[in-house]
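J.: After the sequence you'll find the predicted model.
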Amino acid sequence: MPLNLTMSVMSAVEFVLWAVLAFLFWNKKLHRRFPAMNAYLALRVASMPILLILLFGQERHWFNDYCYVMYFFAYWAVYMASALMLFFICMEVFQSALSAFVGLMRFGTVVFRWAAVVSVIVSLATVSYVHSGILLIPDVAFGLMRSVSILELCLLAFLCLSMNALRLSARDLVFGIALGFGLMSTNDFVLASLISPTSTSLISMLQLVSESLILVALGIWVVYFALPEPARLPVVMPVNSTIYRWNEIASALGHTGTQVVAPQPVGSFFLTDVEQVVEKVLNRNLKGSESKP
């Protein structure tokens, strides 16, 4: 696998952007707010130099040509670990966006977890499993990344549609993270769907486009992390608003309070009928007494 000059330069720029992102992220102490994102950045910063060295050593035939095997396992291990971390990052972004609505956040987290589990099961069940041995690893990795890519796109669509209701702005860090991952997920989803081992030229072109989109997403994150995040104002809304009612309903779901049983008198319908009959008799007697001279 020759490493051409263009991909070498783009890979070096990507590593620099990951390092800048990690510095800005840790400098602003965002690791406390987004621990999964912190682990994801640490994995990217730590693994990328190793992968680049193994890729360069593969061309130079270092370590008795074992660089290809080491690069294969290291690359797909990082790829699958990144896919698993992205599930937790999506959950962090979702919870941060709904932090002002505790009921919706708790109920939505439960739904989000079940949706993630179902997505993983469906993606792994649809893997063809044509290959065997170590060649099965890329198929499973692509299936896992495809499922998380769909979740990332759904999360970005949810934030775009509910920004006004949630009182989020386009400058909010939550939206910036979702936007970057949405672009990356589109990139991974298209790459996993169109890549074909039988077409070398197509793979090279797709890798070049994929790397370009990754650089664009990293550039977006650098801008969001470098600029000061606007302070979130308290969410004030009327009592009769729809999202307020949804939040109250979601808060009530799963709330185990004291149960109140309202006792009903036995035979209440029968007593009502008797009361009506007695009232009719009294009215008739009163009319009869008034008609007498």
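T.: In hand now; what should we look at?

J.: CA atoms for contacts and neighbours, from now on please.
T.: Noted.

J.: neighbours around residue 80, how many?
T.: Using other C-alpha atoms under 10 Å, residue 80 has 19 neighbouring residues.

J.: thought it was touching residue 143?
T.: No: using C-alpha atoms under 8 Å, residue 80 is not in contact with residue 143, being 9.9 Å away.

J.: so which helix or strand takes in residue 146?
T.: According to DSSP states H and E, residue 146 maps onto helix 136-161.

J.: Output stretch 42-62 in CSV, but only the C-alpha positions, please.
T.: Extracted in CSV, the C-alpha atoms of stretch 42-62 (Å, rounded to 0.1, in the frame of the first residue of the first chain):
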residue,chain,number,x,y,z
ALA,A,42,-7.2,10.7,23.6
LEU,A,43,-7.6,7.6,21.5
ARG,A,44,-7.2,9.6,18.2
VAL,A,45,-4.2,11.6,19.4
ALA,A,46,-2.4,8.5,20.8
SER,A,47,-3.2,6.1,18.0
MET,A,48,-2.6,8.2,14.9
PRO,A,49,1.2,8.5,15.2
ILE,A,50,1.5,4.8,15.7
LEU,A,51,-0.7,4.1,12.6
LEU,A,52,1.3,6.5,10.5
ILE,A,53,4.6,5.0,11.6
LEU,A,54,3.3,1.5,10.8
LEU,A,55,2.0,2.7,7.4
PHE,A,56,5.3,4.3,6.6
GLY,A,57,7.2,1.2,7.8
GLN,A,58,5.0,-1.0,5.6
GLU,A,59,6.3,0.8,2.5
ARG,A,60,9.9,0.6,3.8
HIS,A,61,9.5,-3.1,4.7
TRP,A,62,10.4,-2.6,8.3
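
J.: which residue is nearest the middle of this structure?
T.: Central residue of the chain (C-alpha atoms, centre = their mean): residue 90, 2.7 Å from the mean position.

J.: Against residue 32, how distant is that residue?
T.: 16 Å (C-alpha to C-alpha, to the nearest Å).

J.: Can you tell me the closest non-neighbouring residue to the residue nearest to the centre of the chain?
T.: residue 152 (6.6 Å; C-alpha to C-alpha, 6 or more residues apart in numbering).

J.: quick one: contacts for that neighbour?
T.: 90, 178, 181-182, 185 (C-alpha atoms under 8 Å, 6 or more residues apart in numbering).

J.: Out of these, flag the one nearest to residue 58.
T.: residue 185 (28.4 Å; C-alpha to C-alpha).

J.: pLDDT below threshold where in this structure?
T.: In the predicted model of the chain, residues 1-4, 59-65, 128-132, 192-204, 232-244, 246-247, 250, 253-293 satisfy pLDDT under 70.

J.: where exactly do the helices run in the stretch 151-293 of the chain?
T.: According to DSSP state H, counting those that start in this stretch, the stretch 151-293 of the chain carries its helices in the segments 163-166, 173-194, 200-226, 242-252, 268-291.

J.: Work out for me the element the residue nearest to the centre of the chain sits within.
T.: Going by DSSP H and E, residue 90 is part of helix 67-97.

J.: Would you mark the buried spots in that helix?
T.: Within helix 67-97, the residues that count as buried by 16 or more other C-alpha atoms under 10 Å are 67-68, 71-72, 75-76, 78-80, 82-97.

J.: Can you name every helix or strand that the next helix or strand after that helix contacts?
T.: Next in sequence after helix 67-97, counting helices and strands by DSSP H and E, comes helix 102-125. Packing partners of helix 102-125 (3 or more C-alpha pairs under 8 Å, 6 or more residues apart in numbering; DSSP states H and E): helix 67-97, helix 136-161, helix 242-252.
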